Structure formats: C-alpha cells, structure tokens
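1. following is a predicted model, sequence given first.
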Amino acid sequence: MKNKQTPERQHENQSYLTPEETAKMLSIKTSLLSNWRVSGQGPAYVKLGQGKRALVRYPLLGKNGLINYMESRIQTSTSDINAKKLLAKQMKCGICK
C-alpha cells in the first residue's frame, strides 16, 4: 500500500512540516520558532498567504530543509563553535583570502 500524502504535505517529492511538527523535531517550543522567524534566525520556512495568520510550513528536504539545517550544526566539541566564529571573523577582515 502506498503512503499517500495530502497536497499540503507534499509537493514534487518535498515534504513540509507544520510549526508544531518542526518544534517537536527540534525539541523546542513553537514560540521559539516564531521568534526565530521574526529575527531572521532558524530554519528556512515557507509562508502561505499574507499577514499574521498566514500558514507557515518548513521544508524537510533539500538545501533549505530541516535535515540540512540540523546537519549543518553538528558539533564535535564546544570549541567547534569558537573555531567557526574565529574563521568568520578572519574572513571578514581578509586574513584568510
């Protein structure tokens, strides 16, 4: 039996998650996702419609998907974060060109 998805959940082999599903996947609150959208942080999302009540969906796959978002944040130690910050700072001032 084939796994049927509604058009809202699938478009050209792409699955989209609701904010609730996304928050559960990331183990965070939906309010944090909302704050990230306002501040331009967090995973990429699709806004369907206009205004505050427009539907929001998060792509699961692809370069802007949640899987890639999570994988791009894999750390092997707490010093990884500091190394990335230092590299970014060096790139800005032209040291690593």
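-> Alright, I've got the coordinates.

2. contacts, neighbours, all on C-alpha from now
-> OK.

3. please enumerate the helices of the protein.
-> Under the criterion DSSP state H, the chain carries helices at the ranges 19-26, 30-39, 66-71, 79-93.

4. could you dump the first one to CSV, C-alpha only?
-> Extracted as CSV, the C-alpha positions of helix 19-26 are listed here (Å, rounded to 0.1, in the frame of the first residue of the first chain):
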residue,chain,number,x,y,z
PRO,A,19,5.5,24.6,13.1
GLU,A,20,4.3,22.1,15.7
GLU,A,21,5.9,19.2,13.9
THR,A,22,9.1,21.2,13.4
ALA,A,23,9.3,22.3,17.0
LYS,A,24,8.8,18.6,18.1
MET,A,25,11.6,17.5,15.7
LEU,A,26,14.0,20.2,17.0
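
5. measure stretch 16-36 end to end?
-> 18 Å (CA to CA, to the nearest Å).

6. let me see the mean pLDDT of it.
-> The pLDDT scores in stretch 16-36 average 94.

7. residues of it that come out buried?
-> Across stretch 16-36, burial judged by 16 or more other CA atoms under 10 Å covers Tyr16, Leu17, Thr18, Pro19, Thr22, Ala23, Thr30, Leu33.

8. can you count the residues close to Tyr69?
-> 17 (other CA atoms under 10 Å).

9. do Asn68 as well
-> Asn68, neighbours per other CA under 10 Å, totals 14.

10. between the buried residues of stretch 16-36, which is nearest Lys63?
-> Lowest distance from Lys63 to those (CA to CA) belongs to Tyr16, with 13.6 Å.

11. gap between the closest residue to Gly65 other than its chain neighbours and Ser39?
-> Spatial nearest neighbour of Gly65, chain neighbours left out: Pro59 (4.7 Å); criterion: CA to CA, 6 or more residues apart in numbering. Look at Pro59 and Ser39: by CA to CA, they are 19 Å apart.

12. neighbour count: the two, which is higher?
-> Neighbours around Pro59 and Ser39, counted as other CA under 10 Å, are more numerous at Pro59. The numbers are 22 against 9.

13. understood, closing this out.
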